[in-house]
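*Asks:* Here is my input; please provide its structure:
(chains A and B)
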Amino acid sequence: MEGTVAGLVELAVVDLVSRARRGDGSAFEELIRRHERLALGVAYGVLHDAQLAGDVVQEAFVKAWRRLDGLASAGSFASWLCGIVRNLCVDQKRRKRLAVCGIEEARGEADGKATEPADEIGRRELGEQIAAALALLDETTRSAMVLRYYDSLSSREIGELLGLSPAAVDMRLMRGRQAMKEKLVFEVNGA
Amino acid sequence: MNDEQLDQDLIDELLDRHFRACLDGQRGRAMAAFRKEIVKPRRHGRMWLSAGTAVAAGLLLAFAVFWHRPTNPPVVIVPDSTPEQPIPVVQTATWSGMIDGGTAVVDDQPVRQFRRKVVEQVEWYDAKDNAVVRTTLPRQQIFLIGMQTD
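*Replies:* Sure, this is the predicted structure:
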């Protein structure tokens, strides 16, 4: 671990967790900043609903803060947090029927380039197609895809979080991309 | 770069955009929830203080009410062996707190009026009919306290 960027990041997380355990709110805020994308990715992978994912992540961090003393090893904060997120997702799934990522969320607001109505309609449709294609993937593969594309995690990091080997993660990512390609590329190219 | 690589790049780009579009709007909510959470203990403290104050006020009020409105313990009278007339067996009286009725003039003398309502309940035992009759008598007591007019 020593001498690598990942090692230094991990050491920093251990320090932040230790400080947070002593009641340092600013340290926990830094943990939120560093792990929010990860938590959202995990939640979205399971729920496939951005709003619900946001609800769950919000609750998960509050729970994590309250239960920080229950974390066995400060270095495993990320996987511990993901466990909380996943459990809350299971509860959420029980509570509410899931909906796919909505049109408003999928219409590509992030790039802000859609100025023409026709462009916007096209983006909406594309967002819907992507959401529909993602919905066909199994939960683990979808989670791996979100963590890779949204949080830029390595296969090793994704594997640690999802309980898979890096090779298994690569395999799932490859299959996921292939499935997306089959669903999307023809329509995109044909558009 | 072949078509397959182009397709793959396109997929990567689409997924990257899609996830950002879906999830970036949710960022910041956890931080806001956490900040709300860490100020909670103080709020709880205030809440408990408020609750404590409310409870104390309630106790004071209850004490005041019962202080001013005691329910007399029933007076039980054991009837004689062969009573001719109904006799009271239980008597209770409840009264309200004093109400300041302001000043008045009685016989050219300024007085302060205080009123209270009294409800007397009496249970009578009628040996002849072997029945218990309850009577309720509400009445008002007025106390006049003379005021000095120096």
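
*Asks:* Pull up the residues of chain B that are close to chain A.
*Replies:* B:7-8, B:10-12, B:14-27, B:29-35, B:37-38 (C-beta under 8 Å from any C-beta of the partner chain). In short, each C-beta sits where N, CA and C put it, glycine included.

*Asks:* what do you get if the cut-off is 10 Å, keeping everything else the same?
*Replies:* For chain B, the contact set with chain A under C-beta under 10 Å from any C-beta of the partner chain comprises B:3-4, B:6-8, B:10-40.

*Asks:* Mind checking which of those land in helices?
*Replies:* B:3-4, B:6-8, B:10-23, B:29-38, B:40 (DSSP state H).

*Asks:* Only the buried subset of these, as a ChimeraX command please.
*Replies:* The ChimeraX selection below is limited to those of those classed as buried (16 or more other C-beta atoms under 10 Å in any protein chain shown):
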select /B:7,8,10,11,14,15,17,18,19,20,21,22,23,29,30,31,33,34,37
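
*Asks:* For residue A:83, see how far away residue A:66 is.
*Replies:* Look at residue A:66 and residue A:83: by C-beta to C-beta, to the nearest Å, they are 15 Å apart.

*Asks:* okay, those two: which has more neighbours?
*Replies:* Applying other C-beta atoms under 10 Å in any protein chain shown to residue A:66 and residue A:83 shows that residue A:83 carries more neighbours, namely 15 against 10.

*Asks:* show me what contacts that one?
*Replies:* A:42, A:60, A:64, A:76, A:161 (C-beta atoms under 10 Å, 6 or more residues apart in numbering or on different chains).

*Asks:* What helix or strand is it located in?
*Replies:* Residue A:83 is located in helix A:77-95, with elements delineated by DSSP states H and E.

*Asks:* Could I get the average pLDDT for that helix?
*Replies:* Mean pLDDT, helix A:77-95: 90.

*Asks:* for it, which positions count as buried?
*Replies:* A:77, A:78, A:80, A:81, A:82, A:84, A:85, A:86, A:88, A:89, A:92.

*Asks:* Pretty sure residue A:70 is one of the things the third one touches, is it not?
*Replies:* If I follow you right, that is residue A:80. Yes - Residue A:80 lies in contact with residue A:70 (C-beta atoms under 10 Å); the separation is 8.5 Å.

*Asks:* shared neighbours, those two?
*Replies:* residue A:64.

*Asks:* Indicate the residue of chain A located nearest to chain B.
*Replies:* residue A:54 (3.2 Å; C-beta to the nearest C-beta).
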